[in-house]
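[1] any chance you could fold what I've pasted below:
(one chain, ligands or ions: 1)
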Amino acid sequence: MSITRRNLLAGVGAGAIAMAAPLRSAWAQSKAEFSYKYANNLPLTHPMNIRAKEMADAIQTETAGRVEIRIFPSSQLGSDTDMLSQVRNGGVEFFTLSGLILATLVPASSITGIGFAFSDYAAVWKALDGDLGAHVRKEIAKSNLVAMDNIWDNGFRQITSSTKPIQSADDLKGFKIRVPVSPLWTSMFKAFDSAPASINFNEVYSALQTKVVDGQENPLAIIDTAKLNEVQKFCSITNHMWDGFWFLANKRAWEKLPENMRAIVAKNINAAGLKERADVEAMNAGLQKGLTEKGMVFNQTKPDSFRDRLRQGGFYTEWKGKLGDEAWSMLERYSGKLA
Ligand code: X2X
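    All right, here's what the predicted structure looks like:
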């Protein structure tokens, strides 16, 4: 057998990685006083991880190497459900999570994902960087977690399918759709009479590929970077909800940082979040073209048929009851009357 360049490189590569890993952590232990892990569920190519890498580099420089943040993308450390328990018990120090999944622990954080509440990004950032965001962060603080000031963007969500385009609410009847592990998502697709299945993101590609479900819903930036277009044919522009990622810290680890280090870390996380928002918004606005070129078939929808179905099904009344009048009226200042 001839030794090809590829074989050689593969062999050398494997050895190099096996050796480099312990060296790197030994260096981290000897140099960085605080070596913290940041875990997330998205591919390395998503703006979340691109901006996080810049952020980690800036933090290392500005703290003169005292604080090191190591990034674990793509659910490398487990599913969202696993990572949520790890950030609670200190197994990881940082984790970004949708408020709607976090709601399994902090029910109040569902409020930002109510269907069709925000008509555009201007309304989203006004609410989330304003009193609505402050309300959710205060609730998060009660559960041993710290949420950074500026939520990161996931985006407005669209429905994809391997079987048919979704044109109106009727097409969602009986539709087998994957939703994240979250009471709000399940409730919303039940109100559409769909058959929602709760599946963590790290299993979505294979669930679609093996047809455990026929569809899923996510912003275009995720459909593209996670290559869901390889296992989905249709993409229906529903904008049925906005979703964002709270940048969470384990409270004990956060408070262990000296105050001046904490200020540097917070400043850089928030600044990276604002850049990530701009990246994601641009991607979500421009990706229809690229995904069409890759073979996806797009259709536009009208929000009314979907919103009316949620209204008739009592979805808004039910969630107003769950979230409370005070929080609900805070939301309606941005959304207009919902229930
Ligand atoms: O699980 C999803 O669909 C994702 C990636 O959008 C979230 O993290 C909520």
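[2] isn't residue 317 right next to residue 328, touching?
    No. Judged on CB atoms under 8 Å, residue 317 makes no contact with residue 328 at a distance of 10.1 Å. For glycine as for every other residue, the C-beta is placed from the backbone atoms N, C-alpha and C.
[3] quick one, which of these two is more surrounded?
    Each of residue 317 and residue 328 had its neighbours counted (other CB atoms under 10 Å), and the higher figure belongs to residue 328 (19 against 12).
[4] on the three-state scheme, that one is what?
    For residue 328, the assignment made with DSSP: H, G, I helix; E, B strand; the rest coil gives helix.
[5] OK, contacts around it?
    Residue 328 sits next to 111, 319-320, 338-339 when contact means CB atoms under 8 Å, 6 or more residues apart in numbering.
[6] cool, residue 319 as well?
    For residue 319, the residues meeting the contact criterion (CB under 8 Å, 6+ apart) are 110, 114, 184, 187, 328, 339.
[7] overlap in contacts of residue 317 and residue 328?
    Looking at what touches both residue 317 and residue 328 (by CB under 8 Å, 6+ apart), the common residues are residue 339.
[8] what does the stretch 51-200 of the chain put close to the ligand?
    Where proximity means CB under 6 Å from any ligand atom, the interface of the stretch 51-200 of the chain facing the ligand comprises 98, 101, 154, 180.
[9] now the residues you listed in TSV, with neighbour count and distance to residue 228?
    Below are these laid out as TSV (neighbours: other CB atoms under 10 Å; distance: CB to CB, whole Å):
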residue	neighbour count	distance to residue 228
98	24	17
101	28	18
154	26	14
180	25	14
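[10] inside strands: which ones of those residues?
    98, 154 (DSSP state E).
[11] check which helix or strand covers residue 126.
    helix 121-128 (DSSP states H and E).
[12] report the buried residues of that helix.
    When neighbours are counted by 16 or more other CB atoms under 10 Å, the buried residues of helix 121-128 are found to be 121, 123-125, 127-128.
[13] before we move on, back to that, just among the contacts of residue 319, which is most surrounded?
    Neighbour counts for these, by other CB under 10 Å, peak at residue 184, which reaches 27 neighbours.
[14] need the phi and psi values for the residue of the stretch 101-250 of the chain at minimum distance from the ligand.
    With distances taken as CB to the nearest ligand atom, the stretch 101-250 of the chain approaches the ligand most closely at residue 201, which sits 3.4 Å away. The phi and psi values for residue 201, taken as degrees, to the nearest 10, are phi -60, psi -30.
[15] that one contacts residue 80, correct?
    Yes. Checked against CB under 8 Å, the pair residue 201 and residue 80 is within contact range at 6.3 Å.
[16] quickly list what's touching both of those two.
    Taking CB under 8 Å, 6+ apart as the contact criterion, the common neighbours of residue 201 and residue 80 are 41, 180.
[17] low-confidence stretches in the chain?
    For the chain, the stretches with pLDDT under 70 are 1-30.
[18] and the helices in it?
    5-31, 47-62, 80-89, 99-102, 121-128, 131-141, 183-191, 204-209, 220-225, 251-256, 259-293, 303-312, 315-323, 325-335 (DSSP state H).
[19] so what touches the second one?
    Right, the one you point to is helix 47-62. 32, 38, 40, 42-43, 67-71, 73, 96, 152, 221, 245, 264-265, 268-269, 271-273, 275-276, 279-280, 283.
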